[in-house]
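Visitor: Here is my input, please return the structure:
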Amino acid sequence: MGLEQRKLYTPYTPEVEQHTTKEQHVVRRVKRRFSKGENILFALFAAFTIFFSSMLLQTHSDLNAVNKEVQLMNKEIEETTKQNTELSIQVSDKSTYERIWKKAQENGLNLNENNVKVVPGR
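Guide: Numbering: from 1, shown residues only. Okay, the predicted model is just below:
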């Protein structure tokens, strides 16, 4: 039983085939993912989205500006109320009978009961 030794490695020599090919113009259809109408709809959707988001940001900015003005006005109102309260306290302190009588005596006035007239109140 003898084993034949086979030669497994054979150098590959490709055969050159000469084909006479005719030039054929193949018209390929370009497959589009979206039609023109769909592209227009997408563009309109994007434009509306951008427009409304910018309007939302503008409205938010205006609202913040108005809130800032309201806070400043409230602060001014509080300060004015505080000043009014302080001034009303000063008026009540300076309008006491004793203080008025003292100022009148300093200016040379004296009390004469015959010259006093009572003015009816409202």
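
Visitor: most residues in a single helix of the chain, which one?
Guide: The longest helix of the chain (DSSP state H) is helix 36-94.

Visitor: Quick one: residues in contact with the following helix or strand past it.
Guide: Helices and strands here follow DSSP states H and E; after helix 36-94, the next one along the chain is helix 97-106. With contacts defined as Cβ atoms under 8 Å, 6 or more residues apart in numbering, helix 97-106 is touched by Asp93. For glycine as for every other residue, the C-beta is placed from the backbone atoms N, C-alpha and C.

Visitor: any idea of the mean pLDDT in helix 97-106?
Guide: For helix 97-106, mean pLDDT is 90.

Visitor: Near Met73, how many residues? Count them for me, please.
Guide: Neighbour count for Met73, taken as other Cβ atoms under 10 Å: 10.

Visitor: whoops, Thr81 was the one
Guide: 10.

Visitor: repeat for Ser88
Guide: What Ser88 shows, counting by other Cβ under 10 Å, is a neighbour count of 10.

Visitor: got a pLDDT number for it?
Guide: The model reports Ser88 with a pLDDT of 96.

Visitor: Look up how far Tyr97 lies from it.
Guide: Distance of Ser88 to Tyr97, given as Cβ to Cβ, to the nearest Å: 18 Å.

Visitor: Please pull out the lowest mean pLDDT helix or strand from the protein.
Guide: helix 97-106 (a mean of 90; mean pLDDT, DSSP states H and E).

Visitor: tilt between that helix and helix 36-94?
Guide: Between helix 97-106 and helix 36-94, the angle comes out at 60 degrees (axes from the mean of the first three to the mean of the last three Cα atoms, to 10 degrees).

Visitor: May I see the buried residues of helix 97-106?
Guide: Counting neighbours by 16 or more other Cβ atoms under 10 Å, one finds that helix 97-106 has no buried residues.
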